[in-house]
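Chemist: predicted model and sequence follow; I will ask about them next.
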Amino acid sequence: MIPQKHQELALPERLSRLKDLAYNLWWSWRHEARFLFREIDPILWESSNHNPVLLLHRSKDKLIQLSNDQRFLAHYDQVVDAFDHDTSCSDTWFERRFGNDARNRAIAYFSAEFGLHASLPLYSGGLGILAGDHLKSASDLDLPLVGVGFMYPKGYVTQRLGADGWQQNIYHDLNWDYAPILPLCRPDGERVIFDFSLGSWQLKVAVWLVHIGRVSLYLMDTNIDGNSPIDREITTQLYGGDHSMRLRQEIVLGIGGLRLLRFLGIPASFFHANEGHASFLFVELLHEKIAAGLSLAEAKSETAQETLFTTHTPVPAGHDVFESQLLMPFFQDYINELNLTQEEFLELGQSPNEVGWNMTALALKLAGHKNAVSKKHGEVSREMWHKLWPEKALHEVPIDYITNGVHLGFWVQSDLQQLFNWRLGIHWVRAQDNPGFWEGIGNIPDQEIWNAHLRAKDRLLSILEHRLKARWQEGAEPGQILAQGALLDREILTIGFARRFATYKRANLIFHDIERLKRIILNPARPVQLIFAGKAHPADNNGKALIQQIFHLAKDPAFAGHISFVEDYDMQLARYLVQGCDLWLNNPIPPLEACGTSGQKAASNGVPNLSILDGWWEEGFTGTNGWGIEGIGKESSDRNAEEADKIYRALESQIIPLFYDRSSDSIPHGWVKIMKEAIRTAAPRFSAQRMVKEYVEKFYSKAFEQVPVA
Ligand SMILES: *Cc1c(COP(=O)(O)O)cnc(C)c1O
């Protein structure tokens, strides 16, 4: 089967490989490739939100011109060589570790969302972005891994704030022609359509392919002719619809996804479900084995050996529970095929003392390997799920942990990457998970780190100004423009807070004592400004109220433009923020932040964290690489007041004085020391490369070690 591009891109012959580059997200983590696209048309590059497919479609004349530009051609050849090297060389970590023969097995990675790039909005937050970073690092390591997920033509919601600060949810249809996706087609050019059925329920699934370096991601799409209106809705929108729609989604993802891999002939031999949305995968693995003649016990034991489940949150809303009445109509025949009674079947998804079918409990019971996403989250998860193994001691509950990490090539700003290339050597990319390697950061002159940071800060503020001008032209009111950062200042200590507006993340904690905050940020000698961004779930009015509250404060003249709320947080804006703010703030209610990855992105960019000791920061904070705020613990009646007080004190007594302590060269050397510590300690330990290697060593290697090394 060959994928076929749905629309021909007319490129000059000499630049024909631009097509391969545009349709492989490899470019998104190689700054040389990003620069190449930007060079084609810098303005269109920015206004397209960095979308090379769109860019190439709209730059025909410019490309003809560039095909005779020697300087551009030299850059182009260099990028194409790097691309070919990275996607085909065999001197890779995986090959050295397992040998070439192991390549004929594959790890199948299932996720309801994949955050790969802003131009492909198949994610809502950290969970999806983690999945995207996982695939990118799998490609770097040459791990034979395939992703399985959904194509959502309406993606996730775009955020606009009304003049009253209320979040408006806007759904845009994805423009297929300009997305880096390819319809999977047969040799005769017809689209591959895969028939899915469960009992009497039948539907058709089309398949899209996304290239992420060496890795392929298969996206299922049910919004096609021949399906009923309700089935067409299944994949239109991420986390859209009611419970019954969610159930259909999860059946197609888990059961359909596995059947799709079999249908495509992909030699998947180890299965990883990223969060409970894909847990039906494990049931389908049992189903396959029982159909082949195994008993339930044998099927369970075999399934256990080849499966991993990652749980991502202790927050109850993150765990899907379906009423059994909702389940039964779909599974009548299937239960018979499993040779189970209805009770025995329902037992699979049963969590003690709970009604319904719990997707997390199902996965925990059937997957042989299980992990949480930070050390602390491991403890919290073992406590939370002790009930499934009541006979075991708490520390024996079989949930391990692997702390999340972020893809450095994607998230670290280009000036710093160039500095690393120059000062640490180009091999920093390969050596990135080796802590010893990063010791060299101490030898980089402060001025070079600081200047690289100032350039990222300038890019952030320029991009915000640029967006505000566009909003102003579209007719936004002055108050909206002001609230969104029109008065931000390059010279001022800038604190970033950007994440989903889930209430446990307490976006408004820093406003707990408004007068004190005012004194802090309006101090004329050492002013501070705050940038907020983040979406509330479309149905979450509490989250929207929080946004509105911050919007009003941002508009309030009493804060003199030192507070802003920037619309439409996505991966592109996240990149600018984690690279260009001076300090990253995070203050969730512990222990609800399972890991948190934006702080890892910031730290790897030399942007220190001021955060509650929860999730990754409990492991990452060393005392000299940022600021850690000890949570108060549940027993305190006014934890918000106490925790806010600790944040104010850290700002007043340490952070602000240090930032503004400039020597005659106007560089804050004390601050840069912390920046360097942030990079030195975070980059190796919280890189996705370290994370994926750990997944391989702890879990995936089981699939490869069965292959004799020649
Ligand atoms: C990294 C990232 C997240 C996750 O950040 P947390 O710190 O885990 O909340 C969410 N959304 C976007 C767009 C991101 O880039």
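Modeler: Arrived safely, thanks for sending. Numbers count the residues shown, from 1 in each chain.
Chemist: now the residue in the stretch 1-150 of the chain that the ligand sits nearest to: phi and psi?
Modeler: Taking Cβ to the nearest ligand atom, the ligand has its nearest neighbour within the stretch 1-150 of the chain at Gly126, 3.1 Å off. For the C-beta atoms, the positions are set from N, CA and C on the backbone; glycine is no exception. For Gly126, the backbone dihedrals are phi -50, psi -40 (criterion: degrees, to the nearest 10).
Chemist: test my guess that it contacts Gly596.
Modeler: Yes - Gly126 is in contact with Gly596 according to Cβ atoms under 8 Å; the separation is 7.2 Å.
Chemist: which is the next helix or strand following the lowest-mean-pLDDT helix or strand in the chain?
Modeler: Lowest on mean pLDDT, DSSP states H and E among the helices and strands of the chain sits strand 2-3, with a mean of 56. Using DSSP states H and E, the helix or strand that follows strand 2-3 in sequence is helix 18-22.
Chemist: average pLDDT for that following helix?
Modeler: Average pLDDT, helix 18-22: 96.
Chemist: again, but for stretch 320-340
Modeler: For stretch 320-340, the per-residue pLDDT averages 95.
Chemist: can you list contacts of it?
Modeler: 198-201, 243-244, 246-247, 250-251, 276-277, 286-287, 290-291, 296, 341-342, 345-346, 349, 351, 354-360 (Cβ atoms under 8 Å, 6 or more residues apart in numbering).
Chemist: how about 6 Å then?
Modeler: Contacts with stretch 320-340, where a contact means Cβ atoms under 6 Å, 6 or more residues apart in numbering, come from 198-199, 247, 276, 287, 290, 345-346, 356-359.
Chemist: ok, back up a step: how about the nearest residue to the residue of the stretch 1-150 of the chain closest to the ligand, chain neighbours excluded?
Modeler: Using Cβ to Cβ, 6 or more residues apart in numbering and skipping residues adjacent in sequence, the residue nearest Gly126 is Thr597, 5.4 Å away.
Chemist: which strand or helix spans the residue nearest the centre of the chain?
Modeler: In the chain, the residue lying closest to the centroid (Cα atoms, centre = their mean) is Ile129, at 0.8 Å. Per DSSP H and E, Ile129 falls inside helix 126-141.
Chemist: tell me if Ala603 really is in a helix.
Modeler: Yes - read with DSSP: H, G, I helix; E, B strand; the rest coil, Ala603 is one of the residues of a helix.
Chemist: report the spatially nearest residue to it, omitting neighbours in sequence.
Modeler: With Cβ to Cβ, 6+ apart, the residue lying closest to Ala603 is Ala682, at 3.5 Å.
Chemist: taking the contacts of stretch 320-340, please make a PyMOL selection of just the buried ones.
Modeler: The following PyMOL line selects those of those that are buried, judged by 16 or more other Cβ atoms under 10 Å:
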select buried, resi 198+247+276+287+290+345+346+356+357+358+359
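Chemist: which single one of the contacts of stretch 320-340 is nearest to the ligand?
Modeler: Gly276 (17.9 Å).
Chemist: surely that closest one and Met359 touch.
Modeler: Yes - if you go by Cβ atoms under 6 Å, Gly276 and Met359 touch, sitting 3.6 Å apart.
Chemist: tell me which residues are up against the helix holding Ile129.
Modeler: 29, 93-94, 111, 113-116, 123, 145, 147, 212-215, 274-275, 312, 404, 406-407, 597, 688-689, 692.
Chemist: what sits against Leu203?
Modeler: 196, 222, 227, 231.
Chemist: who wins on neighbours among the residues you listed?
Modeler: Within the contacts of Leu203, most neighbours by other Cβ atoms under 10 Å means Thr222, with 25 neighbours.
Chemist: touching, that residue and Glu233? I think so.
Modeler: No - under the contact definition of Cβ under 6 Å, Thr222 does not touch Glu233, with a separation of 8.1 Å.
Chemist: need the overlap of contacts for the two.
Modeler: What both Thr222 and Glu233 touch, as defined by Cβ under 6 Å, 6+ apart, is an empty set.
Chemist: how about Ser663, nearest residue that isn't a chain neighbour?
Modeler: His669 (6.0 Å).
Chemist: from what I can see the one you found touches Pro445, true?
Modeler: No - assessed by Cβ under 6 Å, His669 is found out of contact with Pro445, at 10.5 Å.
Chemist: helix, strand, or coil at the closest residue to Ala703 other than its chain neighbours?
Modeler: Leaving aside its chain neighbours, Ala703 sits nearest to Phe270 (3.7 Å; criterion: Cβ to Cβ, 6+ apart). Here Phe270 is recorded as strand under three-state DSSP.
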